[in-house]
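Asks: Here's my sequence, what's the structure:
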Amino acid sequence: MKIFSIARACVALVGLWVSVGAASASAPPLFVLNSLEANVSVIDPVTWTETSRIPTGKEPHHLYLTPDEKSIIVANALGDTLTFLDPRTAQVQRTVRGIVDPYHLRFTPDMKWFITAANRLNHVDFYRWDGKELTLVQRVATSRTPSHLWIDSKSTTVYSTMQDSDELVAIDIATQTIKWRIKTGAMPADVYGSADDKRVFVGLTGSDSVEVFDVSGREPASIRKIKTGSGAHAFRAAGDGKHLYVSNRVANTISKIDMNTFQVVESYPVPGGPDCMEVSADGRFIYVSSRWARKLSVVDTEAKKVVRQVTVGKSPHGVWTLQHAPR
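Replies: Below you'll find the model as predicted:
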């Protein structure tokens, strides 16, 4: 009887080990960009450990998934390079050189254009994307310090914030020329558009608010400022089509905004200068880079608190995983 019991216990333990291993193998990693170390932390979302650090070019700040979901592109602003990573295995696929100052990056929804904001050089670049290679087609001079980009659902307009001239600029994608510009509050950073393309939300890092613009007409108009917290900076959709998260880097909080009523409906304390975010596929957890604390912080939106932290590198910025809530 004891022999059979031991055997059953061993089988159970082996089964548990296999199931945990399978879960780990099936769960794609989280990527955290360490801007001041020129590398990427790879986080296992099952064991919550850093499994490796991948060297990149200088100052990786943001990252984006290719339309075919085969590559994560890391934009290395001071390295003038792009690092392509496998989003499932975290293996380096290739490095593309000669991409000037790629601070922020986006693909158009129609998958025809790859667009970058050259933060230190004051221009937005349009690259033709054929599914594999990038070819520079147009360089659009902007105002001072283009920061973040947003592209509408019809691939007609790209919006870019101008961090040091306090502006929002709209660029026509077909002609690759500036359509209009409008003044914003202090130090605009991230930008996010509503699903119907009628409104654009801008985080005011030099203030304590998110500014809302009506872009449905011929001329844009500022229609609301939503007070969230000092250093309002980066956005991520909550995944329900109704709410938007914004990180307040100075206030050490994340605010949840109702995009229809323009009200803050929840607030979560997050230490260490919360910056870029990702949201779990089920919408319950926010993964956020705590910029000044060298941590990836995990916020439980039901418990309304940080429930886990993982040590990463210096000045962690962009965060991404393949299994995320709908944008």
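
Asks: contacting residues around the helix or strand harbouring residue 61?
Replies: Using DSSP states H and E, residue 61 sits within strand 60-65. Contact partners of strand 60-65, identified using CB atoms under 8 Å, 6 or more residues apart in numbering, comprise 31, 33-35, 38-40, 71-77, 79, 83, 87, 103-107, 276, 317-318, 320, 322. Quick note: C-beta positions are derived from backbone N, CA and C, even for glycine.

Asks: Apart from its chain neighbours, what residue comes closest to residue 108?
Replies: Excluding its sequence neighbours, the residue lying closest to residue 108 (CB to CB, 6 or more residues apart in numbering) is residue 155, at 4.1 Å.

Asks: In its sheet, which strands sit next to the strand or helix carrying residue 52, and in what direction?
Replies: Secondary structure assignment for residue 52, by DSSP H and E: strand 49-55. Based on DSSP bridges, the pairing partners of strand 49-55 within the sheet are strand 39-44 (antiparallel).

Asks: CA atoms only: put the strand it pairs with into PDB for me.
Replies: Provided in PDB are the C-alpha atoms of strand 39-44 (Å, rounded to 0.1, in the frame of the first residue of the first chain):
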ATOM      1  CA  ASN A  39      18.700  46.200 -23.100                       C
ATOM      2  CA  VAL A  40      15.400  44.400 -22.600                       C
ATOM      3  CA  SER A  41      14.300  42.500 -19.600                       C
ATOM      4  CA  VAL A  42      12.400  39.300 -20.400                       C
ATOM      5  CA  ILE A  43       9.900  38.400 -17.700                       C
ATOM      6  CA  ASP A  44       8.300  34.900 -17.300                       C
END
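
Asks: can I assume residue 88 is in contact with residue 28?
Replies: Yes: if you go by CB atoms under 8 Å, residue 88 and residue 28 touch, sitting 5.0 Å apart.

Asks: which neighbours do the two share?
Replies: With CB under 8 Å, 6+ apart, residue 88 and residue 28 have common neighbours residue 322.

Asks: picking that back up, report the angle between the axes of the strand holding residue 52 and strand 60-65?
Replies: 100 degrees (axes from the mean of the first three to the mean of the last three CA atoms, to 10 degrees).

Asks: which residues of the stretch 1-150 of the chain fall in strands?
Replies: 30-34, 39-44, 49-55, 60-65, 72-76, 81-85, 92-97, 104-107, 113-118, 123-129, 134-141, 146-151 (DSSP state E, counting those that start in this stretch).

Asks: Helices along the stretch 201-327 of the chain, start to end?
Replies: Counting by DSSP state H, counting those that start in this stretch, the stretch 201-327 of the chain forms no helices at all.

Asks: That one: strands as residue ranges?
Replies: Going by DSSP E, counting those that start in this stretch, the stretch 201-327 of the chain shows strands at 209-214, 221-227, 232-237, 243-248, 253-258, 263-269, 274-279, 285-290, 295-300, 305-311, 316-321.

Asks: Select, out of these, the one closest to residue 111.
Replies: Minimum separation from residue 111 across the strands of the stretch 201-327 of the chain (CB to CB) falls at strand 316-321, 18.5 Å.

Asks: as a whole number, average confidence for the closest one?
Replies: The average pLDDT for strand 316-321 rounds to 96.

Asks: swap in stretch 65-74?
Replies: In this model, stretch 65-74 has a mean pLDDT of 93.

Asks: residues in contact with residue 241?
Replies: Residue 241 is in contact with 195, 326, counting by CB under 8 Å, 6+ apart.

Asks: And it, what's its pLDDT?
Replies: pLDDT, residue 241: 93.

Asks: how deep is residue 275 tucked in, by neighbour count?
Replies: As a burial measure, residue 275 scores 25 neighbours (other CB atoms under 10 Å).

Asks: Residue 254: neighbour count?
Replies: Counted with other CB under 10 Å, the neighbours of residue 254 add up to 26.

Asks: how close does it sit to residue 302?
Replies: To residue 302, residue 254 is 14 Å away according to CB to CB, to the nearest Å.

Asks: Same question for residue 214.
Replies: Taking CB to CB as the measure, residue 214 falls 34 Å from residue 302.

Asks: Looking at those two, which is more packed in?
Replies: The neighbour count for residue 214 versus residue 302, taken as other CB under 10 Å, is higher for residue 214 (15 against 9).

Asks: So the more buried one is in contact with residue 220, correct?
Replies: Yes: counting by CB under 8 Å, residue 214 touches residue 220, with 6.7 Å between them.

Asks: Please identify every residue contacting each of these two.
Replies: The overlap between the contact sets of residue 214 and residue 220 (CB under 8 Å, 6+ apart) is empty.
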